[in-house]
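> Sequence and predicted structure, then a few things I'm wondering about:
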Amino acid sequence: MASVPYSLPVTVGTVLLFVLGVVVFVIGLLVSIGLHELGHLAFAKLFNVKVTQYSLGFGKTIWSFRRGETEYGLRPILLGGYISMVGMLKPRASGREITNTGMYSAFVQDARAASAEQIAESGGDDSRAFYRLTPWKRIIVMVAGPAMNLVIGIVLFGVLLVGFGAPTTTFTSSVDCVLPTSARTTCTDGDAVSPAKQAGLRSGDVVLSVGGVRNPTITQVSDTFQRSAGKAVPVVVERDGTERTLRVTPVLATRDVYDADGTVAENSDGTTKTQRVGVVGVSIGQTLVRQSPAAVLPATGAQIGASAHLIIDLPQRLVAVWNAAFGSQARSQDSPVSVGRSGRSRR
């Protein structure tokens, strides 16, 4: 009997969430494009450049209206937008011969011809042409679009960090004793007082640093405690808006070993695999902690830096992927094997 592949059930809620996600993405894209082009438009009009079109998207106009001398429209291909300014390129000086007939030169000449047509359609008056602006004004008009995107990023980071908060490592709960093994879940009278309680750690403390590591991750905090049995570890936490420096000395205890998928690891004989590590008696998690407005600009700068590093490293990553997939080393490790008609393998 043929097996039927299992597929996840598609519910009405799943479809609605997908449609909602698409709608939110399109609206966000339109807002981003619109504000980008609005930056160009605002400074062009400020410097008295004649702007004939403001468009979101490319292709045939779906909807538009005119206000003053500018037509504002929406087009179906949402891969960008543009504003049309009269006289983007200065006309070629009369009597000057064209010496370069390459593709780039033809492109420039076509652009100059289109710019000249715009001026002609405006009655031949080029007093409000873009090329009439001083160089610094032209630079401002062109940079205003990307600058608007930067402002959008800062505003969004501000809303997220100040309004909702940033994921921050915190101590979510603590116990009063040191449980000797993972099998025990409750304290008894004979159990030693936990290092967390002795040091004064409390549930809800925001972890600022552990062992000198600032803003540590959950893994970094856990690893530091596990390898520091018997050693005093400096821990800086924030509680009720005040920084506190505490010293925690993990004690050695037996704990279960977990596999990468979160299941308890087993020995070859089927028994639970354990290890002796330092424990503190506190649970570590993440909560959203609202940040001050002063943290917005550094967070934006860090994100821009991370994006820049990703772009810089992209060529090297692509080379590594190519070498891994098609390099000589991969071929040498997996020698091709073909099967002849007799069914025997041959090299």
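Structure's in. What do you need? Because the structure is predicted, anything quoted here is derived from the model rather than measured.

> Every contact and neighbour count from this point should use C-alpha atoms.
Noted.

> The host helix or strand of Leu79 packs against which elements?
Assigned by DSSP states H and E, Leu79 belongs to strand 77-85. Counting contacts by 3 or more Cα pairs under 8 Å, 6 or more residues apart in numbering; DSSP states H and E, strand 77-85 packs against helix 12-46, strand 51-58.

> Nearest to Gly270, out of these?
Closest approach to Gly270 among those is made by helix 12-46 (41.1 Å; Cα to Cα).

> Mind checking the helices and strands packed on strand 77-85 for the one nearest to Arg138?
Evaluated over the helices and strands packed on strand 77-85, closeness to Arg138 peaks at helix 12-46, with 8.6 Å, by Cα to Cα.

> what angle sits between the closest one and strand 51-58?
Angular relation of helix 12-46 and strand 51-58 on a 0 to 180 degree scale: 160 degrees, by axes from the mean of the first three to the mean of the last three Cα atoms, to 10 degrees.

> Could you name the helices and strands sitting against helix 12-46?
Helix 12-46 packs on strand 51-58, strand 77-85, helix 135-158, going by 3+ Cα pairs under 8 Å, 6+ apart.

> Please identify the deepest-packed of these.
strand 51-58 (a mean of 20; mean count of other Cα atoms under 10 Å).

> just to revisit the earlier point, with just CA atoms, put the strand holding Leu79 into PDB.
Listed next in PDB are the C-alpha coordinates belonging to strand 77-85 (Å, rounded to 0.1, in the frame of the first residue of the first chain):
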ATOM      1  CA  ILE A  77       5.600  47.200  -9.600                       C
ATOM      2  CA  LEU A  78       6.600  48.000  -6.000                       C
ATOM      3  CA  LEU A  79      10.300  47.800  -6.500                       C
ATOM      4  CA  GLY A  80      11.000  51.400  -5.700                       C
ATOM      5  CA  GLY A  81       9.800  54.800  -6.600                       C
ATOM      6  CA  TYR A  82      10.900  58.100  -8.100                       C
ATOM      7  CA  ILE A  83      10.300  61.800  -8.400                       C
ATOM      8  CA  SER A  84      10.700  63.600 -11.800                       C
ATOM      9  CA  MET A  85      12.500  66.900 -11.600                       C
END
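
> got a list of contacts for that strand?
With Cα atoms under 8 Å, 6 or more residues apart in numbering as the test, strand 77-85 has contacts from 29-30, 33-34, 37, 40-41, 44, 49-59, 129-130.

> same check, this time on stretch 16-35
Under the contact criterion Cα under 8 Å, 6+ apart, stretch 16-35 has outside partners Leu56, Leu78, Gly80, Gly81, Gly145, Met148, Asn149, Ile152.

> so where's the stretch 151-300 of the chain shaky on pLDDT?
Within the stretch 151-300 of the chain, the segments meeting pLDDT under 70 span 180-185.

> just to revisit the earlier point, want to throw the helices and strands packed on helix 12-46 into a markdown table with distance to Gly212?
Shown next, in a markdown table, are the helices and strands packed on helix 12-46 (distance: least, Cα to Cα, whole Å):
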| stretch | distance to Gly212 |
| --- | --- |
| strand 51-58 | 50 |
| strand 77-85 | 47 |
| helix 135-158 | 28 |
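
> closest to Pro91 out of the ones you listed?
That would be strand 77-85 among those, by Cα to Cα, at 14.5 Å.

> Note down every partner strand of the closest one and its orientation.
strand 51-58 (antiparallel) (DSSP bridges).

> and the partner strand, what's its mean pLDDT?
Mean pLDDT, computed over strand 51-58, is 91.

> any chance you could map the strands in the stretch 151-300 of the chain?
166-174, 206-210, 213-214, 233-239, 242-248, 251-256, 274-279, 282-289 (DSSP state E, counting those that start in this stretch).

> what's the spacing between the fifth one and its chain's center?
Meaning strand 242-248. 32 Å (Cα atoms, centre = their mean, to the nearest Å).

> And the pLDDT at Ala93?
Looking at Ala93, its pLDDT reads 59.

> residue ranges of the helices in the stretch 201-347 of the chain, please?
Counting by DSSP state H, counting those that start in this stretch, the stretch 201-347 of the chain has helices at residues 218-226, 296-326, 328-333.

> Mind listing what's buried along the first one?
For helix 218-226, the buried set under the neighbour-count rule, 16 or more other Cα atoms under 10 Å, comprises Ile218, Val221, Ser222, Thr224, Phe225, Gln226.

> about what we covered before: out of the helices and strands packed on helix 12-46, which comes closest to Thr272?
Per Cα to Cα, nearest to Thr272 of the helices and strands packed on helix 12-46: helix 135-158, 45.7 Å.

> So which elements touch that closest one?
Packed next to helix 135-158, using 3+ Cα pairs under 8 Å, 6+ apart, are helix 12-46, helix 296-326.

> quick one, that helix and helix 12-46 angle?
150 degrees.

> Put the alpha carbons of helix 135-158 into PDB.
C-alpha atoms of helix 135-158 as PDB (Å, rounded to 0.1, in the frame of the first residue of the first chain):
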ATOM      1  CA  PRO A 135      26.500  71.800  -6.200                       C
ATOM      2  CA  TRP A 136      25.800  71.700  -2.400                       C
ATOM      3  CA  LYS A 137      22.000  72.000  -3.000                       C
ATOM      4  CA  ARG A 138      22.100  69.200  -5.500                       C
ATOM      5  CA  ILE A 139      23.900  67.000  -3.000                       C
ATOM      6  CA  ILE A 140      21.300  67.700  -0.300                       C
ATOM      7  CA  VAL A 141      18.400  66.800  -2.700                       C
ATOM      8  CA  MET A 142      20.100  63.500  -3.600                       C
ATOM      9  CA  VAL A 143      21.100  62.600  -0.100                       C
ATOM     10  CA  ALA A 144      17.700  63.500   1.500                       C
ATOM     11  CA  GLY A 145      16.200  60.200   0.400                       C
ATOM     12  CA  PRO A 146      18.700  57.900   2.100                       C
ATOM     13  CA  ALA A 147      18.800  60.200   5.100                       C
ATOM     14  CA  MET A 148      15.000  59.800   5.400                       C
ATOM     15  CA  ASN A 149      15.500  56.000   5.600                       C
ATOM     16  CA  LEU A 150      18.000  56.500   8.400                       C
ATOM     17  CA  VAL A 151      15.400  58.600  10.300                       C
ATOM     18  CA  ILE A 152      12.900  55.800   9.800                       C
ATOM     19  CA  GLY A 153      15.300  53.300  11.300                       C
ATOM     20  CA  ILE A 154      16.000  55.500  14.300                       C
ATOM     21  CA  VAL A 155      12.300  56.000  14.900                       C
ATOM     22  CA  LEU A 156      11.600  52.300  14.700                       C
ATOM     23  CA  PHE A 157      14.500  51.500  17.000                       C
ATOM     24  CA  GLY A 158      13.200  54.100  19.400                       C
END
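
> Many thanks, I have nothing further to ask.
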